[in-house]
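# Need coordinates for the below:
(one chain, ligands or ions: 3)
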Amino acid sequence: MNATACDIKDRLVDLAGRLGFDSCRIAVSSPPAHSQEFGDWLSEGAHGEMQYMARGEEKRRDPQKILPGAKSIIVLALNYFTETEKRKPEGGKRGRIARYAWGDDYHDVIEMKLEKIDNFLHELGGEQKCYVDTGPVLERDYAAAAGIGWHGKSTMLIDEKLGTWFFLAEILTTLALPADKPARDRCGTCERCIKACPTGAITAPHKLDARRCISYLTIESKSSIPLEFRPLIGDRIFGCDDCLEACPWNRFAKVSRETAFAARRSTTAFALRDYLACHLGDRANCEASRSRQANCLNPMGAVSASHCRSCERVLLAKV
Ligand code: B12
Ligand code: SF4
Ligand code: SF4
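Ligands and ions are numbered 1, 2, ... in the order given. Okay, here's the model as predicted:
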């Protein structure tokens, strides 16, 4: 590897740190290590109604199909851990929302940072494609290859300092940058996440059946929630953190430096009644709606008809 590539990498890591990322490492742009397992997951139908996972199969199996000539994949991690809100909502039952959705939408927060890195690499002659969550990239495979962390049995990617509470993002680039080494698997004999899952969605180590996962049932699925899962879902109305909270590596987690992820009052202190008000047409009295400028339970604040139907479905399953 020539000095220039090393120099670019040093400047890149420095820029990522200044933008607030907790980790920035490099993987080679080659097919992902668990391409076969991904194919099996789709064949078993474990993706349920998430048709976008099947549509993007070819690209997810080969980064050259996304960016021809891509040499490296820059993987970034951003901590979103925030303290638990102790306050209880006034006058009514509360619905639990997964921690990753307590603050501002992470897609927006991270995309702005990726754009700055893209500009920096562009000036050095690189062509890039930037992704956070929604792109056709098996993010955890590249994060593991780059040594951001290891594949936990819960399928979460784990960093020994951040635990499980971090987002991933990738930049595919035509620049050849020195690759980092993978991290050691530190799950050992632990199986706490598998035991903690209320619905048995982690069917074996590293295998998750999305159709059983509360995160999928309360966010992704647009169908009526099967009766068998309703009592197990309990008070969760958006996502689930049980397999994350069970993980012993989270004992080292520290509060994120990213203030955009600080919990909004509406996500921690609103009663179910406030959200339900939207769907009963009582928008004028819906505190959730007023505060978020959105007539939607979706804590990310997206206003769309499909999300409204999805909220209604989750709320009705609780009544
Ligand atoms: C679809 C999806 C979901 C689905 C399916 C989840 C799943 N496990 O597949 C649902 C809706 C259930 C979901 C839930 C959640 N998600 Co999600 N999701 C995704 C998405 C878009 C694709 C995941 C995917 O490719 N699944 C296909 C399967 C085959 O892959 P996988 O489960 O990730 O498995 C990998 C490893 O297990 C490994 N593997 C497979 N077999 C084997 C065998 C061995 C021996 C080993 C070592 C490894 C291994 O290879 C696979 C590919 O890398 C990614 C973003 C992205 N573009 O990658 C975010 C992503 C994975 N989600 C994320 C988050 C935060 C969540 C939730 C915590 C949200 C919540 N609180 O409700 C939960 C966590 C549930 C869980 N235990 O995974 C983060 C995870 C960050 C991290 N630190 O790992 C991601 C990366 C988004 C992001 N950009 O930050 N998610
Ligand atoms: S997010 Fe919840 S339901 Fe999904 S695998 Fe983890 S513990 Fe199970
Ligand atoms: S709970 Fe245990 S087995 Fe599960 S991911 Fe964490 S360390 Fe690994």
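# And the strands in the protein, which stretches?
23-28, 72-79, 96-97, 128-131, 150-151, 157-158, 166-173, 202-204, 207-208, 236-238 (DSSP state E).
# Just checking the fourth one against ligand 1, any contact.
Right, the one you point to is strand 128-131. No: judged by Cβ under 6 Å from any ligand atom, strand 128-131 makes no contact with ligand 1; its nearest approach is 7.0 Å. Glycine gets a C-beta too; all of them are placed from N, C-alpha and C.
# what comes into contact with that strand?
66-67, 70, 111, 114-115, 117-118, 121-122, 135, 137, 139, 169-174 (Cβ atoms under 8 Å, 6 or more residues apart in numbering).
# Pretty sure Trp41 sits against His47.
Yes: at 6.6 Å, Trp41 and His47 qualify as touching, with contact defined as Cβ atoms under 8 Å.
# Now Ala16: closest residue in space that isn't a chain neighbour?
Cys24 (3.6 Å; Cβ to Cβ, 6 or more residues apart in numbering).
# Then Ala183?
According to Cβ to Cβ, 6+ apart, the nearest residue to Ala183 is Gly147 (4.6 Å).
# So for the helix ranked longest in the chain, mean pLDDT?
Ranked by residue count, the top helix of the chain under DSSP state H comes out as helix 106-123. Averaged over helix 106-123, pLDDT sits at 98.
# from the chain's centre, how far out does it sit?
Centre-to-centre, helix 106-123 and its host chain are 18 Å apart (Cα atoms, centre = their mean, to the nearest Å).
# ditto for stretch 135-148
12 Å.
# hmm, who's touching that stretch?
For stretch 135-148, the surrounding residues in contact (Cβ under 8 Å, 6+ apart) are 23, 25-28, 32-35, 38, 56, 59-60, 63, 66, 73, 75, 77, 129, 131, 133, 149-151, 155, 157, 159, 168-170, 172, 179-183.
# For the stretch 151-300 of the chain, which residues are neighbours of ligand 2?
Close to ligand 2, as judged by Cβ under 6 Å from any ligand atom, the stretch 151-300 of the chain has residues 196-199, 201-202, 208, 213-215, 240, 242-243.
# redo that, cut-off 5 Å
Residues of the stretch 151-300 of the chain lying close to ligand 2 (Cβ under 5 Å from any ligand atom) are 197, 199, 201, 213-215, 240, 242-243.
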